[in-house]
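*Asks:* Predicted model, plus sequence, below.
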Amino acid sequence: MKKSIQRLFLFIILFFNLVTLLPNHHVFGNFDQSYITVVIPFRGREYWSDINRIKPLFDYLVEQNIPSTILLQYQNLNDREVIDYIKRFPNNFEIGLFLEVDESLANDSFSSFLYGIGDKAHANQILLSGYNPVERKRMIDQAFFRFRQIFNTSPKSVGAWYLDTVSLNYLKIKYDIKAVLDVADQYQTDTYGLWGKPWGVAYLPSKYNSLLPAQNKQDNMGIVKIQWAARDPLSGYGLTVNHSTYSVQANDYVKAHRLDVDYFKHLSGIYLSSANSINQLTIGLEAGQEGYTYLDEFKKQIAAVSWAEFVTMEDFAETFLQSPPKSSVISGPGYLDNSRQGYWFNYPRYRAYFVREGETLIFKDLRIYDPPFFFNDVFYKQTGKNLNLIVPACLDGALTGKNLIIARNIRDLRFTRLKDRFFLEFVANNKKNQLLLTPGEIVFNSRRIFISRGNFLINNFLIRNFYDLILAIQAGRPDNLKITPLFSRIDNVYYFGLPFYPDKLLGIKSRWPFLGIFNFPFQVLSKFKTVDFDKFLFFYAPDFINPAINCQAVNRLSI
């Protein structure tokens, strides 16, 4: 009874704070459908060394009886002390996999790991997309095999800061995963550039491109994606780390901007009370890293959102899949600045971003999801240390500095929602004006400023099946190690021959004995030069297969 009264009291306080902060926002979300998902990415011992550094975070979650999802990196599956500790977690904890590549996973799955080449956190080392498709499959299989050995079941939730389309399709087809976590939009943070997905919300990713929302049932992968480090709808929009650290993550806003839990209350209020049928926010800390330093701030975050319903990734996915929304919006004012208001509108065909700056309404960003397209990692591995996956834009105020002014001298701005239609209504120059967003177009005062022609690719049977065939080939390729000629020079000795994995080369060398079977550790043998058939066969595939982005938007308005 006492806890119920406390939650009611916190709810009333939050509601009146929101009313104060959002004077022009007349539609609120459904508080009965506001979910918090606590996720703890748990990397290997090299990040924390002493298990006593990770225990306080987990012990707190256990003591508070908070349903949580723990995503284990592969290295931890071979750490007896970690496993013994985790097996004591209560039943309301979900254990999943954090599918970042570490050295042990690469070794155990016979995948070539880039030892000593730059930072281990570089995208081409730590992300599955840095490996060819068959290596990705071997690593996924090895991780799931080891997980089943320990827990006698397969995980239903996985995560990484980015999971490529081939890996996600394989995870769904073979292991029937339900939920995936990746990082929210950031132009370039920690060498990872991901930009253009639905802003900060849970969504059903397209089976052709995991950054895009599914267009229809044929395009739907059947996985629910949630986002780590949801960004500030205003300050989080930009090209730099300074922008992306305006997020709900304690280590971001405290370390980078010296803000406190009041800022978190501001952002969480926006994400949990926007005008959607279902609202969700992911919070958490990386165990042993930020989880040790920022635990006190995390406790304050938990207290601030205690009125919402806490669910694991799998449980949220089951709820979301029962009635997935066809559109969503994230809108809210600037922190301590009500003169600014950001509006993110997310549809299967596009994403649009509008900002009220004082008395001016500005159209800042428009990303097109229709038709979908493949990133290069569908065909071959990404070799660059930096990840740069950007959804094409019709309008990109952050990159180009060019925006579309909708109206000046506005007042009495009112935002409403009617099913999948959003309205921004206001007075400008003593005239009433209306901005309308629908699933297929954006209209200002009966004049279209953007229209989607409809998805010819998805709706065309032959093209859709061609795309499906490409995915089936890539996800279904045999994952055995290829026996192809290899060449290398080691200590001024040249070697040429055929590999017999994991550690032998049958061939010749430039020094006596010239012919024989030569032994090398697998990771050395895997670095021998060979013809990259994937790169050779598919070099022009993205340009040939991907359709041109159809962008129809006006560049001038007058009222």
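*Replies:* The structure has been received and is ready for your questions.
*Asks:* Chain neighbours aside, what residue packs nearest to the residue nearest the centre of the chain?
*Replies:* Computing the C-alpha centroid of the chain and ranking residues by Cα atoms, centre = their mean puts residue 182 first, at 2.7 Å. Closest residue to residue 182 apart from its sequence neighbours, by Cβ to Cβ, 6 or more residues apart in numbering: residue 162 at 5.6 Å. (Each C-beta comes from the backbone N, C-alpha and C, glycine too.)
*Asks:* Could you do residue 127 as well?
*Replies:* residue 162 is the one closest to residue 127 (Cβ to Cβ, 6+ apart), at 5.6 Å.
*Asks:* and the one you found, backbone torsions?
*Replies:* Dihedral pair for residue 162: phi -160, psi 130, per degrees, to the nearest 10.
*Asks:* Could you count how many residues lie near it?
*Replies:* 24 (other Cβ atoms under 10 Å).
*Asks:* repeat for residue 85
*Replies:* Neighbours around residue 85, by other Cβ under 10 Å: 16.
*Asks:* quick one: it is in a strand?
*Replies:* No - counting by DSSP: H, G, I helix; E, B strand; the rest coil, residue 85 is not found in a strand; it is helix.
*Asks:* List the contacts of the nearest residue to it once chain neighbours are set aside.
*Replies:* Leaving aside its sequence neighbours, residue 85 sits nearest to residue 51 (Cβ to Cβ, 6+ apart; 6.7 Å). Contacts for residue 51 (Cβ atoms under 8 Å, 6 or more residues apart in numbering) come out as 81, 82, 85.
*Asks:* The last one is in contact with residue 57, isn't it?
*Replies:* No - counting by Cβ atoms under 8 Å, residue 85 stays clear of residue 57, with 12.0 Å between them.
*Asks:* quick one: the residue nearest to residue 127 from residue 225, how far?
*Replies:* 11 Å (Cβ to Cβ, to the nearest Å).
*Asks:* what is in contact with those two at once?
*Replies:* residue 182.
*Asks:* if I pick the residue nearest to residue 182, what's in contact with it?
*Replies:* 123, 127, 129, 182, 183, 192, 194, 387, 389.
*Asks:* now the contacts of residue 51 in TSV, with distance to residue 443 and pLDDT?
*Replies:* TSV is the format used below for these (distance: Cβ to Cβ, whole Å; pLDDT from 0 to 100):
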residue	distance to residue 443	pLDDT
81	60	97
82	55	97
85	57	97
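*Asks:* of the residues you listed, closest to residue 237?
*Replies:* Minimum distance to residue 237 across these is 38.4 Å, recorded for residue 82 (Cβ to Cβ).
*Asks:* Three-state assignment for the closest one, please.
*Replies:* helix.
*Asks:* Kindly confirm whether my reading is correct that the residue nearest to the centre of the chain touches residue 225.
*Replies:* Yes - proximity of residue 182 to residue 225 meets the contact threshold set by Cβ under 8 Å, at 6.5 Å.
*Asks:* Between these two, which contacts overlap?
*Replies:* residue 210.
*Asks:* Would you mind splitting the chain into its domains for me?
*Replies:* Domains of the chain are assigned by the TED database as 34-324, 467-545.
*Asks:* how far out from the middle of the chain is the longest one?
*Replies:* Taking Cα atoms, centre = their mean, to the nearest Å, the mean C-alpha location of domain 34-324 is offset from the chain mean by 8 Å.
*Asks:* just the shortest one next, same as before
*Replies:* Here the centre of domain 467-545 is set off from its chain's centre by 32 Å, with Cα atoms, centre = their mean.
*Asks:* how about the helices of the stretch 451-559 of the chain, start to end?
*Replies:* All helices of the stretch 451-559 of the chain, identified by DSSP state H, counting those that start in this stretch, fall at 456-459, 461-476, 522-525, 533-538, 541-545.
*Asks:* per-stretch mean pLDDT over those, give me the minimum one.
*Replies:* Lowest mean pLDDT within the helices of the stretch 451-559 of the chain: helix 456-459, a mean of 55.
*Asks:* isn't residue 403 right next to residue 360, touching?
*Replies:* No - look at residue 403 against residue 360 with Cβ under 8 Å: they stay out of range, at 9.7 Å.
*Asks:* Would you confirm that residue 90 contacts residue 65?
*Replies:* Yes - assessed by Cβ under 8 Å, residue 90 is found in contact with residue 65 at 7.3 Å.
*Asks:* hmm, back to that, looking at residue 403 and residue 360, which one has more neighbours?
*Replies:* residue 403 (19 against 15).
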